[in-house]
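K.L.:
model the structure of this input:
(chains A and B)
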Amino acid sequence: MAKIQVALKVNGKTVEALVEPRTLLVHFLREQLNLTGTHVGCDTSHCGACTVDLNGKSVKSCTLFAVQANGADLLTIEGMASADGTLHLLQEAFREMHGLQCGFCTPGMILRAHRLLQENGHPSEEEIRLGISGNLCRCTGYQNIVRAIQYAVAKRDGVPFQEAAE
Amino acid sequence: MIPGAFAYHRPASIDEAVRLLASLGDEARPLAGGHSLIPMMKLRLATPEHLVDLAAISDLKGIRQESKEIVIGAMTTQHEVIASELIASQLPILREAALVIADPQVRYMGTVGGNVANGDPGNDLPAVMMCLDASYQVLGRNGARRISARRFYRGAYFTALEPSEILAAVRIPLPPKGHGAAYEKLKRKVGDYATAAAAVVLTLNGGKVAACSIGLTNVADTPLWAEEAGSILVGSSLDGATVKKAIAAAEAITSPAADRRGPAAYRTKMAGVMLSRALTRARARAN
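P.N.:
Residues are numbered from 1 along each chain as shown, chains lettered A, B, ... in the order given. Sure, this is the predicted structure:
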């Protein structure tokens, strides 16, 4: 099949490329752009490891063709830290609160948490859990991921992080 | 998993999309949110030669009120339904049902049109549309027509839609003021299709049921409108004996498959349990 020319913004930079229509967005990111921070987990749109931010929406990049992202504004885990290497608040929070063990789900978790906090600046614990319900983690039992997102909210607001009473 | 090769088309108007689908023939499929179609293509259960992406057609998007109907463009996403104030105030059952579809990421992409039109009996919105007596505005090369949701579903993945037709919008008559509604879904985990689910819309008059409509999800080859169960309840005060009769009538029209969600008999019983819970909540919300 004829390849199609696409142009999109990835982490603030304009990217132009030729893609086969059947190329999935996650393969385009990993194999054509060498942005391997976005992971392929289940490959069946369940696990959320491939989550990226597309035009302000969290999407599973294994269930989207790269051509569908033509003209889009895309954010991946590589675009979260500052150019000088300073971690994004959520990255720092995941490190501080031990929100990861093996780290495989972490890029998707962080991108999803980022969009969640854009839409709801002060989510309750339940809203956080529902908000990340499309992202599976097989290590942490989610406790420390939820804590990390709460930590990021507190840090952003400049208030001390307080764990909810058991 | 890599899908088979296909040619990609991105029409800018409904007319162009209809023309493309008509000229490309049987091997062309419309692409909405893609969260049913793309997984099928990755498994090579679907191998269309052409995909006609409807994403650039602005006429297919948006939620608006037209006199006594709510009109939802087919490409409106489930996320947009959940965020809509008009839906929250006029059709809260639709918001409640959209919230239990899949997970947040899927709902950003998944569309109302795709959910109601692809004919998957596991989808949540079709039974709600049957319950609400919605109609589907369809466009094809022979012009426009409207199909009642209650007559749309013929079998699993088999609907009244002709191959070159696309669904343009869903039109939902406003339920009466003071109606109570609920959608109850039993599922094993977030992201799962229903083991069984029930939609109820009812109105009360002096403590008695004045009207009642019931839809059931994923307990047959198609979504079900439980017409008899609803009419049994009309005139009653939702007393235990009448509710029991209505639940039996609803269970009688189910024919679920036995799968990993449970044996057929269990899923039929769960349809009854979901209906019972939905009736209780709909009544509490009616005034």
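K.L.:
what's the nearest residue to the residue of the stretch 101-250 of chain B found nearest chain A if we skip its chain neighbours?
P.N.:
Here the stretch 101-250 of chain B gets closest to chain A at one residue, B:Asp103, 3.0 Å apart by C-beta to the nearest C-beta. In short, each C-beta sits where N, CA and C put it, glycine included. Using C-beta to C-beta, 6 or more residues apart in numbering or on different chains and skipping residues adjacent in sequence, the residue nearest B:Asp103 is A:Gly134, 3.0 Å away.
K.L.:
SS state for the one you found?
P.N.:
coil (DSSP: H, G, I helix; E, B strand; the rest coil).
K.L.:
how about the residue of chain B most remote from its centre, what does it touch?
P.N.:
For chain B, the largest distance from the centre (C-alpha atoms, centre = their mean) belongs to B:Gly206, which lies 31.4 Å off. Contact analysis of B:Gly206 by C-beta atoms under 8 Å, 6 or more residues apart in numbering or on different chains lists nothing.
K.L.:
using PDB, list the CA coordinates for stretch B:110-124.
P.N.:
Coordinates of each C-alpha in stretch B:110-124 appear next as PDB, following Å, rounded to 0.1, in the frame of the first residue of the first chain:
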ATOM      1  CA  GLY B 110     -14.800   5.500  21.500                       C
ATOM      2  CA  THR B 111     -17.800   7.100  19.800                       C
ATOM      3  CA  VAL B 112     -21.500   7.000  20.400                       C
ATOM      4  CA  GLY B 113     -22.100   6.100  16.800                       C
ATOM      5  CA  GLY B 114     -19.600   3.300  16.800                       C
ATOM      6  CA  ASN B 115     -20.900   1.900  20.000                       C
ATOM      7  CA  VAL B 116     -24.500   1.800  18.800                       C
ATOM      8  CA  ALA B 117     -23.900   0.900  15.200                       C
ATOM      9  CA  ASN B 118     -21.300  -1.900  15.100                       C
ATOM     10  CA  GLY B 119     -23.800  -4.400  16.400                       C
ATOM     11  CA  ASP B 120     -21.600  -5.900  19.200                       C
ATOM     12  CA  PRO B 121     -24.100  -7.200  21.700                       C
ATOM     13  CA  GLY B 122     -21.600  -6.400  24.500                       C
ATOM     14  CA  ASN B 123     -21.800  -2.700  23.900                       C
ATOM     15  CA  ASP B 124     -23.600  -0.700  26.600                       C
END
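K.L.:
quick check: phi and psi on A:Gly103?
P.N.:
phi 90, psi 0 (degrees, to the nearest 10).
K.L.:
what is the neighbour count of it?
P.N.:
For A:Gly103, the number of neighbouring residues by other C-beta atoms under 10 Å in any protein chain shown comes to 12.
K.L.:
also A:Gly121?
P.N.:
Count around A:Gly121 with other C-beta under 10 Å applied: 10.
K.L.:
identify the residue nearest it in space, chain neighbours excluded?
P.N.:
Spatial nearest neighbour of A:Gly121, chain neighbours left out: A:Val153 (7.4 Å); criterion: C-beta to C-beta, 6+ apart.
K.L.:
that neighbour contacts A:Leu117, correct?
P.N.:
Yes - the pair formed by A:Val153 and A:Leu117 meets the contact definition of C-beta atoms under 8 Å, at 6.8 Å.
K.L.:
next, show the common contact partners of these two.
P.N.:
A:Pro123.
K.L.:
who's in contact with the residue of chain A found nearest chain B?
P.N.:
Per C-beta to the nearest C-beta, A:Gly134 is where chain A lies closest to chain B, at 3.0 Å. With contact set as C-beta under 8 Å, 6+ apart, A:Gly134 has these partners: A:Gly48, A:Thr51, A:Ser58, A:Lys60, A:Arg112, B:Ala102, B:Asp103, B:Pro104, B:Gln105, B:Val106, B:Val190, B:Gly191.
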